[in-house]
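Peer 1: any chance you can model this:
(one chain, ligands or ions: 2)
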Amino acid sequence: MPFKLLTLNAISVKGLDRLPRDSYEIASEFSAPDAILLRSHKLQPTEIAPSVLAIGRAGAGTNNIPIDYCSSKGIPVFNSPGANANAVKELVAAGLLLGSRGIVEGVQWVNTLTDHNDKAALNTLLEAQKKQFKGSEIQGRTLGVVGLGAIGSLVADMALQLGMNVIGYDPALSVEAAWRLSSQVQRAENLSSLFARSDFITLHLPVLDSTRDLVNAELLGAVKPGTKLLNFARQEIVHEESLIAALESGNLAAYIADFPTPALIGRTDVILMPHIGASTDEAEDNCAIMAAEQLKDFLENGNIKNSVNFPSLSLERTAGCRISVTNNNVPKILGSVLSVLADADINVADMLNKSRGELAYNLIDVETCPDESTLARIQSIEGVVNVRLIGPPRT
Ligand SMILES: NC(=O)c1ccc[n+]([C@@H]2O[C@H](COP(=O)([O-])OP(=O)(O)OC[C@H]3O[C@@H](n4cnc5c(N)ncnc54)[C@H](O)[C@@H]3O)[C@@H](O)[C@H]2O)c1
Ligand SMILES: O=C(O)[C@H](O)COP(=O)(O)O
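Peer 2: Residues are numbered from 1 along each chain as shown. Ligands and ions are numbered 1, 2, ... in the order given. Model prediction:
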């Protein structure tokens, strides 16, 4: 039986092509899909059918997915870390320049000159008026980067290459991200210090309960007059009323962001883009390929890579069947599962077990495939969230 994959956003064909059509049916409507692949679609628990085994986010942020609900149902949610980072970095470069030079106002003004048919007169007008659009250079200015993961570290490098000083803040920097980071990036001890020292501040962290409204009146009160804030992460990270107050006080000179809201649209001190940070051919392909390959490996082998709620786990296939078991992360459950297999005279060829937070996940390769009643006995063990029989390896 082919796997049914429900897509809830347009997903790059290059990604979908990683899923052979003899093994995968792909459609934007299915009543009982095996997996869901999406981008920013705001997924409601009611849209997740009981048949869903996994959810793939072709992108970085997973705040549009009800993660706690998925964990409670034993559904791993995957994302595509780093796959769109370069696209965002390039837009941040544009954002720094849009915030420093009279580009937006200048282009808008030029577009009003459609009835000027005389080239020489037009040129005289342009030369007389261009002083309105004078800006300043970013070289030598200080950029504060909040969040030094896939995007933040690329932005930091790009800014150094443009001759900026870079200060970074990330309280949970991963070891890989730390290795990627240039030694020229100065470390801020805390956010207030970063906000106080920067000419530009750029946000590259996820929206979580702990980061919602992180940029508040106190932090915005600490900035130097003339500071510009860039937000290509998520609107929810910036407290909107405090942002508007900081702009109106003149302390914050500009807000350049990828997340328009009614209160921000039309302000001359705000430049808004329609959430296009990851909207490049390259990023869309990279994200879709990564998400599709991760879902494929999970559906066909139970392996997990780049999940935001499950542990990473990969076990090379042996010839026979594989069972995956998700359970609450408490003692004795794995022992009970193995007892059920022993009672059914099923020999274990290989196994791997890992936990993350409140969940544990196990892959058990068996020499004979268990029948429905053996699987039902495993499912009935207290603390088992779900059990799945994965057929022999596909070639
Ligand atoms: N505009 C867009 O189209 C677009 C595209 C991609 C990603 N994003 C957003 O950018 C976010 C970051 O993406 P990424 O790929 O760099 O993710 P990432 O996971 O590689 O990096 C995020 C970093 O933020 C850090 N962090 C967490 N809490 C923090 C805090 N309180 N203060 C400072 N740092 C903190 C983490 O430790 C991590 O290093 C995504 O979660 C998404 O919301 C937006
Ligand atoms: O978190 C992300 O990856 C970005 O916000 C991109 O979202 P998109 O896939 O809807 O463009």
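
Peer 1: so S40 touches N63, yeah?
Peer 2: No - contact criterion C-beta atoms under 8 Å: S40 and N63 do not qualify, at 9.4 Å. Heads up, the C-betas are built off the backbone N, CA and C, glycines and all.

Peer 1: between its first and last residues, how far does stretch 197-204 reach?
Peer 2: One end of stretch 197-204 to the other measures 18 Å (C-alpha to C-alpha, to the nearest Å).

Peer 1: phi and psi next, for D118.
Peer 2: Dihedral angles phi and psi of D118 (degrees, to the nearest 10) take the values phi -90, psi 110.

Peer 1: what of I304?
Peer 2: As for I304, its main-chain torsions (degrees, to the nearest 10) stand at phi -130, psi 120.

Peer 1: list the residues that contact it.
Peer 2: P76, F78, F298, F310, P311, S312, L313, S314, Y361 (C-beta atoms under 8 Å, 6 or more residues apart in numbering).

Peer 1: any idea how far the second one lies from ligand 2?
Peer 2: In this structure, F78 lies at 13 Å from ligand 2, with C-beta to the nearest ligand atom, to the nearest Å as the measure.

Peer 1: what sits opposite that residue in the beta ladder?
Peer 2: Going by DSSP bridges, F78 is paired in beta bridges with G56, S307.

Peer 1: just want the most central residue of the chain.
Peer 2: Per C-alpha atoms, centre = their mean, the C-alpha nearest to the average position across the chain is that of A60, at 1.4 Å.

Peer 1: I figured that one hits S40, correct?
Peer 2: No - the pair formed by A60 and S40 falls short of the contact definition of C-beta under 8 Å, at 10.7 Å.

Peer 1: filter the contacts of I304 down to just the ones in strands.
Peer 2: F78, Y361 (DSSP state E).

Peer 1: buried subset of the contacts of I304?
Peer 2: The neighbour-count test (16 or more other C-beta atoms under 10 Å) marks P76, F78, F298, F310, P311, L313, Y361 as buried among those.

Peer 1: just checking, the second one touches R57?
Peer 2: Yes - in this structure F78 lies within contact range of R57 using C-beta under 8 Å: 6.6 Å.

Peer 1: now do the residue of the stretch 151-300 of the chain found nearest ligand 2, the pLDDT please.
Peer 2: When scored by C-beta to the nearest ligand atom, the stretch 151-300 of the chain has A278 as its residue closest to ligand 2, at 3.6 Å. Looking at A278, its pLDDT reads 98.

Peer 1: looking at this protein, what residue ends up closest to ligand 1?
Peer 2: Distances between the chain and ligand 1 by C-beta to the nearest ligand atom are smallest at G149, namely 1.8 Å.

Peer 1: where does the nearest residue to that residue once chain neighbours are set aside fall, secondary structure wise?
Peer 2: What sits nearest to G149 in space, not counting adjacent residues and going by C-beta to C-beta, 6 or more residues apart in numbering, is A177, at 5.4 Å. A177 is part of helix 175-180 when elements are defined by DSSP states H and E.

Peer 1: now do that helix, average pLDDT.
Peer 2: Average pLDDT, helix 175-180: 90.
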